[in-house]
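Return a 3D structure for these sequence lines:
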Amino acid sequence: MNYKEITIPQIDVNDDKVTIENIMFTDGEFVKKNEIIFTVSTAKAVEDFVCEFEGYITYLVEDGDEVKIGATVAVIFDLQEMAISKSNEIKLEKESVVTVNASKKAIKYAEEINFNLAQIKKNGVIKVKDIEEFLEKKGE
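Residues are numbered from 1 along each chain as shown. Presented below is the predicted three-dimensional model:
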């Protein structure tokens, strides 16, 4: 399977992330070299993003997503079947993501210690205390 990843380059030295806007194609659609495939916006600029390759595109992001510089945001495949297969795989992954109800402090703490909040089964809002209690019980 031949494919090429499209990553976000450093646009402005002060920005470490960009917002993806105006996605121009649908997954599996053929893209020609030098066609605009989406727009990126930073704190100071809005730029069209031109594809350097030719092939069938699959986006790993959606309109409005904020992504870090260097992140892979799309893949160009030689075969349309591969692009569609990857797109379906991404959709299934997104559908299986579990959402949790947690406080901002708990979310930040969980990110700092690389903890998956979905492990805590609780009705109501998950708090830092809940994470600490879960980890204590797990350590026993």
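
Give me the distance between the two termini of stretch 117-132.
Using CA to CA, to the nearest Å, one end of stretch 117-132 lies 11 Å from the other.

what mean pLDDT does it have?
For stretch 117-132, mean pLDDT is 88.

Output the below-cut-off pLDDT ranges for this structure.
Flagging of the chain using pLDDT under 70 yields the residue ranges 1, 95-98, 140.

residue closest to the middle of it?
The centroid of the chain falls nearest to V61 when counting by CA atoms, centre = their mean (5.1 Å).

ok, that one to K138 distance?
34 Å (CB to CB, to the nearest Å). Bear in mind the C-beta positions are built from the backbone N, C-alpha and C, glycine included.

Run the chain-centre distance for the longest helix along the chain.
Longest helix in the chain by number of residues, with DSSP state H as the criterion: helix 80-95. Per CA atoms, centre = their mean, to the nearest Å, the displacement of helix 80-95 from the mean C-alpha position of its chain is 14 Å.

Contacts only, for T39.
By CB atoms under 8 Å, 6 or more residues apart in numbering, the contact list for T39 reads 20-22, 46-49.
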